[in-house]
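> I'll drop the sequence and a predicted model, then ask my questions.
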Amino acid sequence: PNLDEVGKLASTFNTMLERLELSDKQLRETLDAERRFVADASHELRTPLTTILGNAGLLLKVPNMSPEDRQESLEQIYEEADRMRRLVSDLLTLARADAGFRLKQEPVKVQPVVESAVREMEHRATDRQLRIDKISDVEVVGDKDALKQLVLILLDNAIKYTRNQDSIQVEVEKDDSQAVIRVADTGIGISQEHLPHIFERFYRADTSRSSDGTGLGLSIAKWIVEQHCGSISVASEIGKGSIFEVKLPAKK
Ligand code: ADP
């Protein structure tokens with residue numbers, strides 16, 4: 001073989017090696033992310049479980065507990081078990097997402113989906129103004145149930161992170177070839193420091209540590225949006241409120 005061929009062979013080997021190294025790095029990153037996910041999930045599940053076991057132990061061991069203490073223990077058990085149920089359901093959704101689960105690809109009218117999500121949340125928006133300000137008959141291609149879940153997640157957050165007398169406005173628009181769904185609230189807002197992270201799994205801003213959230217809602221929302229080849233963004237100011245905007249390709 002002449003030198004030219006040897007040179008070519010060497011460069012081919014180098015390219016192969018580079019590719020191998022790259023995929024090795026990606027593989028390691030994926031494994032790290034998976035390990036972190038399992039560790040975070042276990043940690044999040046252990047906290048309510050500890051409360052449940054503690055209270056159940058009390059109820060079993062203290063026979064002459066006052067009715068008030070008994071009631072309080074039972075309430076805590078109920079609340080924490082409910083929290084675990086929500087966590088497990090969110091974790092299942094994300095596990096399916098990781099396993100490559102594909103959503104339906106059907107024509108969906110956005111208006112009824114948004115209206116039904118708003119109706120479902122109305123009873124929780126006590127002392128807040130929840131209203132649809134703009135509606136459009138825009139259609140997209142995708143999964144009706146998943147899109148409803150997406151709007152429910154945004155509304156759930158809008159309710160959780162607002163105070164009495166605050167307002168929540170929902171808008172649906174057709175903008176060029178896109179369907180735009182906007183959920184704006186006048187609530188507590190998100191600081192610039194937390195803003196880039198809120199779509200990450202288990203991420204919660206300090207202000208919401210005490211809320212009953214799982215920290216998984218927005219990561220599920222992001223997955224649903226990506227499955228529809230769309231994008232989700234947020235603008236927020238602490239103390240003033242937040243605007244979440246979803247853009248999905250409109251059906252032609
Ligand atoms: P959680 O279950 O904690 O609500 P999410 O993934 O839905 O988890 O949201 C992540 C974090 O983003 C929340 O913990 C909260 O700090 C912040 N956040 C989300 N939506 C809003 C909102 N409308 N107003 C203020 N903060 C919000």
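Great, that's in hand. Numbers count the residues shown, from 1 in each chain.

> Could you use CA atoms for every contact and neighbour count after this?
Will do.

> Do any residues in the helix or strand hosting residue 89 lie close to the ligand?
Under the criterion of DSSP states H and E, residue 89 resides in helix 67-98. No: applying C-alpha under 6 Å from any ligand atom, one finds helix 67-98 separated from the ligand by no less than 9.3 Å.

> send the alpha carbons of stretch 30-37 over as PDB?
Extracted as PDB, the C-alpha positions of stretch 30-37 are listed here (Å, rounded to 0.1, in the frame of the first residue of the first chain):
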ATOM      1  CA  THR A  30     -28.000   9.400  29.500                       C
ATOM      2  CA  LEU A  31     -27.000   6.900  32.200                       C
ATOM      3  CA  ASP A  32     -26.200   9.700  34.600                       C
ATOM      4  CA  ALA A  33     -29.500  11.400  33.900                       C
ATOM      5  CA  GLU A  34     -31.400   8.100  34.400                       C
ATOM      6  CA  ARG A  35     -29.600   7.400  37.700                       C
ATOM      7  CA  ARG A  36     -30.300  10.900  38.900                       C
ATOM      8  CA  PHE A  37     -34.000  10.500  38.000                       C
END
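
> Which parts of that stretch count as buried, going by neighbours?
Using 16 or more other C-alpha atoms under 10 Å as the test for burial, stretch 30-37 gives residue 37.

> mean confidence score for it?
When pLDDT is averaged along stretch 30-37, the result is 88.

> which non-adjacent residue is nearest residue 105?
residue 142 (4.2 Å; C-alpha to C-alpha, 6 or more residues apart in numbering).

> who's that neighbour bridged to?
residue 106 (DSSP bridges).

> my read: it touches residue 110, true?
No: shown here, residue 142 and residue 110 do not form a contact pair, counting by C-alpha atoms under 8 Å, at 10.3 Å.
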